[in-house]
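Engineer: Coordinates for the following, if possible.
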Amino acid sequence: MSATDSEALIDLSGVVFSRGPNRLFNGIDLQAHRGEVVAIMGPSGTGKTTLLRLIGGQLRAHAGRVAVGGQAVDRLSRRDLYRLRRRMGVLFQSGALFTDMTCFDNVAFPLREHTGLSEALIRTVVLMKLEAVGLRGARDLYPGELSGGMSRRVSLARALALDPEIILYDEPFAGQDPISMGALMQLIRQLNDALGLTSVVVSHDVDETLRIADRAYVISGGEIIAAGTPEALRDSESRWLDQFLNALPDGPVPFHYPAPPIADDLRAEAP
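Structural biologist: Have a look, this model is predicted:
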């Protein structure tokens, strides 16, 4: 059975969301099935990170439905929402490690906060998670002693600490050198497959993200303008999609913000 034939673990249907007068989403439909790596891409300011916050329940849609594991997120009590969040891991764009804790204690933190495991069992789990991201030997280092790529991998180990079903990645490749980026790409794909996770990756890094994604959604102007496998997106005849995927400076998306002709502005008197 393919992933798309299985249960949709994350299901957004007709989602509408605005910030003040700015409507970010105007009827978004998006699904992520068990075992998939799903990418969400689009130009800056289109609300990709906001989608992750809607899935996690930090924000509530103004219309439509956001469901995770069959549960409508916006209808859950605070206690049930916290219980649902324990099924999710989040890799924040900044990494968000506690700077005064070692790598070991950063990964141990959610286990100490949310479980009754003994310190002996916590030690075993933490070492296994750090081993999974290749950093067991760095367990006694502090975040300030890590490279950017190492910091992101420790954050991933922490996101995996509670054995979630879902991992939400917010710009996981931002600021990474090519080697670190390659390591993170491999980790995301391998961990997703080995652990049977569902991964949602928000990223501006088109080539890297499409290499590991099963399906991708491209958002612009409050709507999903393209969705499908990486191969289908690259074969699309859409000029907009071609400009976005291939980083072309000229195309349907203009470089200049709308403005009157510059000659009119230059002739106008200064206020």
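Engineer: so who does residue 42 touch?
Structural biologist: With contact taken as C-beta atoms under 8 Å, 6 or more residues apart in numbering, residue 42 is in contact with 48, 218, 219, 220, 244. Placement of C-beta: from N, CA and C, glycine included.
Engineer: Let's see which of these end up in helices.
Structural biologist: If you go by DSSP state H, the contacts of residue 42 have 48, 244 in helices.
Engineer: nearest to residue 98, of the contacts of residue 42?
Structural biologist: Proximity of those to residue 98 (C-beta to C-beta) peaks at residue 48, which lies at 25.9 Å.
Engineer: Wait, that closest one touches residue 202, no?
Structural biologist: Yes. Under the criterion of C-beta atoms under 8 Å, residue 48 makes contact with residue 202 at 4.4 Å.
Engineer: can you list residues touching both of the two?
Structural biologist: The contact sets of residue 48 and residue 202 overlap at 40, 41 (C-beta under 8 Å, 6+ apart).
Engineer: Low-confidence ranges, the stretch 51-200 of the chain, go.
Structural biologist: The model of the stretch 51-200 of the chain has pLDDT under 70 over residues 95.
Engineer: need the helices for it, in chain order.
Structural biologist: Applying DSSP state H, counting those that start in this stretch to the stretch 51-200 of the chain gives helices spanning 78-85, 103-114, 119-132, 148-159, 178-195.
Engineer: now residue 220: how far from residue 9?
Structural biologist: Using C-beta to C-beta, to the nearest Å, we find residue 220 at a distance of 25 Å from residue 9.
Engineer: next one: residue 151
Structural biologist: 28 Å.
Engineer: For the residue most central in space within the chain, give me its contacts.
Structural biologist: Nearest to the geometric centre of the chain sits residue 169, at 2.9 Å (C-alpha atoms, centre = their mean). Listed by C-beta under 8 Å, 6+ apart, the contact set of residue 169 reads 91, 188, 199, 200, 201, 202, 203.
Engineer: go on, residue 184?
Structural biologist: For residue 184, the contact set (C-beta under 8 Å, 6+ apart) comprises 149, 152, 153, 156, 172, 173, 176.
Engineer: which residues touch the last one?
Structural biologist: Think residue 176. By C-beta under 8 Å, 6+ apart, the contact list for residue 176 reads 148, 149, 152, 184.
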